[in-house]
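Trainee: quick one: sequence plus predicted model below, questions after.
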Amino acid sequence: MYKKYIGITLIAGLCSAQTASAQYFTNNLTDAVSAAAEFYENLGPDGAFSYSATVASNFTTAGATLGLGVGVSNDTDNARSYLATDFSAYTNGAWKAHITIERPTAENNFVFFGLGNGQPRAANDYQPRSGTNMYLQIVFGNGSNSPRIFKNTTPGTITKIAQGSENVIGAGVDIWMSYQPVTEELTFEVDHWEDAEGINTTLSASIAGMGFNTNNANIFFGGNATTVFSDFYVEEVSSDAPPGIPDGLYSTISNMAVRLDWDESSGLVDAYVVKRSQESGAGYIALDTVTENSYVDTGVESNKTYYYVVCATNQYGESESIEVTGVGLPYDIIGTDTTFGNNPALAKDNLFDGDITTYFDATGVPGHAGLDFGDGNEQKVRQITYVLRNWNPYAYRNATNATFEGSDDPTFATGVEVLHTVPTTVQTYPSVNAVTITNTSTFRYVRLQSRSDKPLNHFAEIAFLTDADFTSNDTPKYWLDEYELVTGGDYEAADLEDSDGDGHAAWKEYVASTIPTDSNDVLRVTSYMNTTNGVIITWQSVEGKNYSVVTNASLTDPNRGAAMSGIIGLDGETSVTSSVPTEANLFMEIGVE
């Protein structure tokens, strides 16, 4: 769809006042003196927390290490030890605690993090895990590779309320534990580090209506094997104040819709309120309340400017915000005016509203709809996208051989150039057809014209993309938006970012038709084999994509020679046999045509 980035205007104070959060407790667990002052120890029969750098097996610069005897990694069940900090002074506030735990290497490791009574259940039990002593905790290890969250509401009863994926052998976890006093809700959020397949996974669970008092207001962490804990902190997240400002707010035009994206607010967030006005700094009316970090406003008009703010909310009120501008489609829509039954809800504007569930239902043959870029604002169309109406097989039958055209004549009587003809291989609803236009002419008027024997009633969306809709590397901005790669409206930076760490920047992934957020989906050689007939090369490929095999005498020589071209990719992998020239130190590369 037509997309264009619109600059942001920073105007604070458009929602409610917002109070900065306080840092209750910070300890990176590397300072022996501060750790000793802020925690108390509960040691198992074989265990000891050590902050001594002289005991290498029990201390690392990454954080405090739970050591079970000097140089011993004891993972027996009765060897549990833990540290606890009194948190009773903050039981009436809203807070968030965090800790990083590196995965222990012991065979039967057992690691835990939670909130409860800081004293063990019994003299021979070195974990506050049951009876009246345990409130809520997460367990990592102990015979399972997945994290589990347990609660204890009835004395002596332990209930598992959440469990992550089995066989997740990650390097460790980041854990956040949040408390909301109004609802008496305690929530765990867990981010696994990369698992066995290199994928980050998350787990969350919460329990409400439990309350707690000074007898169980201790945050504790520990285990039964040598484990590194680090980055421990506790901070206020709301405490009778609204959330932080949703930073990074920016807008894009998607035909006649305006899309808003923003970063997650700090503090406790229940939802985000999206507001709009037709004047800057005042007159805002709430459009919707959402829980996601994006919103699409389809109720805009062509050539009209709107002003938006997004406020984060919780039970204490709304945050402040910044203001961004959004413009409805900045061109005039042209074309057939009559519709089936003279129904205004079926008008040509539907082709540009960013909603594939609506459509233009024109009467009369042929019919057309398009854009007037304006006098002196002729544009070169670089790509056309379109979606057929949800009316198969009739939409398919009627759409084939319709033409996208350009002209400088508003009547299209002269100077008409066909940019694209809808083929019999057109993809049906809800697929988006995207066509690169090779015609380099500029036009004031562009349109979609139906066949001479059919009305224009078989399309749901069309878009004409011009230079403004691409980055300097020729990546469509809408493609970067679809994969949520853009931060603060900086498309150029997003285009150069390798977000999935596979060695290919976003623009290269677009060229290769691979997924920029999946490190396993990438153009790369998977195998090669020397044979008497040449080299058999196999690479990850996309079905229908055209590839070339090029040769080079060195990796730095820009004068590549084409060995093979026009290779049509298969789904998954493609293999070819290439003859090998006699030059020494020959390199071969796979290229996308």
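Mentor: That came in fine, so what should we check first?

Trainee: contact partners for the spatially closest residue to residue 297 that is not a sequence neighbour?
Mentor: Once flanking residues are discounted, residue 297 sits nearest to residue 258: 4.6 Å by C-beta to C-beta, 6 or more residues apart in numbering. C-beta: built from backbone N, CA, C; applies to glycine. Going by C-beta atoms under 8 Å, 6 or more residues apart in numbering, residue 258 touches 6, 251, 252, 296, 297, 300, 306, 308, 326, 327, 328.

Trainee: ok, the fifth one touching residue 276?
Mentor: Yes: when contacts are counted by C-beta atoms under 8 Å, residue 297 is listed as touching residue 276 (6.6 Å).

Trainee: can you map out the helices along the stretch 251-400 of the chain?
Mentor: 394-399 (DSSP state H, counting those that start in this stretch).

Trainee: do the chain as well
Mentor: 32-38, 394-399, 477-482, 491-496, 506-512 (DSSP state H).

Trainee: want to throw the ones you listed into JSON lines with distance to residue 187 and mean neighbour count?
Mentor: Shown next, in JSON lines, are these (distance: least, C-beta to C-beta, whole Å; neighbours: other C-beta atoms under 10 Å):
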{"stretch": "helix 32-38", "distance to residue 187": "24", "mean neighbour count": "13"}
{"stretch": "helix 394-399", "distance to residue 187": "47", "mean neighbour count": "18"}
{"stretch": "helix 477-482", "distance to residue 187": "30", "mean neighbour count": "20"}
{"stretch": "helix 491-496", "distance to residue 187": "31", "mean neighbour count": "20"}
{"stretch": "helix 506-512", "distance to residue 187": "34", "mean neighbour count": "22"}
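
Trainee: between those helices, which gets nearest to residue 529?
Mentor: Nearest of the helices of the chain to residue 529, taken as C-beta to C-beta: helix 506-512 at 23.3 Å.

Trainee: quick one: list the elements packing against that closest one.
Mentor: helix 491-496 (3 or more C-beta pairs under 8 Å, 6 or more residues apart in numbering; DSSP states H and E).

Trainee: show me the beta-bridge partners of the nearest residue to residue 511 once chain neighbours are set aside.
Mentor: Counting by C-beta to C-beta, 6+ apart, the nearest residue to residue 511 once its immediate chain neighbours are dropped is residue 592, at 5.4 Å. When bridges are called by DSSP bridges, residue 592 pairs up with residue 547.

Trainee: quick check, pLDDT for residue 592.
Mentor: pLDDT for residue 592: 89.

Trainee: that older thread, among the helices of the chain, which gets the worst mean confidence?
Mentor: For those, where the average pLDDT is lowest is helix 32-38, sitting at a mean of 52.

Trainee: now do stretch 191-208, average pLDDT.
Mentor: On average, stretch 191-208 scores 58.

Trainee: please apply the same query to stretch 279-294.
Mentor: 91.

Trainee: again, but for stretch 256-270
Mentor: 84.

Trainee: any buried residues in it, and which?
Mentor: 256, 257, 258, 259, 260, 261, 262, 265, 266, 267, 268, 269 (16 or more other C-beta atoms under 10 Å).

Trainee: and which of those residues is nearest residue 455?
Mentor: Nearest member of the buried residues of stretch 256-270 to residue 455, counting by C-beta to C-beta, is residue 256, at 21.9 Å.

Trainee: you'd agree that closest one is up against residue 329?
Mentor: Yes: here residue 256 reaches residue 329: they are 4.6 Å apart, a contact under C-beta under 8 Å.

Trainee: list the residues that contact both of the two?
Mentor: By C-beta under 8 Å, 6+ apart, the residues touching both residue 256 and residue 329 are 302, 352.

Trainee: residue 244 - nearest residue in space that isn't next to it in sequence?
Mentor: Residue 244's closest residue in space is residue 266 (C-beta to C-beta, 6+ apart), at 3.5 Å.

Trainee: since we're on residue 97, how many residues are nearby?
Mentor: Residue 97: 23 surrounding residues under other C-beta atoms under 10 Å.

Trainee: list the contacts of it.
Mentor: So residue 97 contacts 25, 115, 176, 177, 178, 219, 232, 233, 234 (C-beta under 8 Å, 6+ apart).

Trainee: and residue 389, by the same measure?
Mentor: 359, 395, 429, 457, 458, 459, 460.

Trainee: how does it look with 6 Å?
Mentor: 359, 395, 458, 459, 460 (C-beta atoms under 6 Å, 6 or more residues apart in numbering).

Trainee: now it: how far from residue 462?
Mentor: 11 Å (C-beta to C-beta, to the nearest Å).

Trainee: try residue 592
Mentor: 27 Å.

Trainee: and the two? Which one has more around it.
Mentor: residue 462 (24 against 16).

Trainee: so the more buried one makes contact with residue 351?
Mentor: Yes: using C-beta atoms under 6 Å, residue 462 is in contact with residue 351, at 5.0 Å.

Trainee: ok, back up a step: closest to residue 283 out of the helices of the chain?
Mentor: Nearest to residue 283, of the helices of the chain and by C-beta to C-beta, is helix 477-482 at 28.1 Å.

Trainee: all strands for the stretch 201-350 of the chain, in order.
Mentor: 202-207, 218-223, 227-236, 250-254, 257-261, 271-277, 285-290, 294-297, 305-314, 317-318, 323-327, 332-335 (DSSP state E, counting those that start in this stretch).
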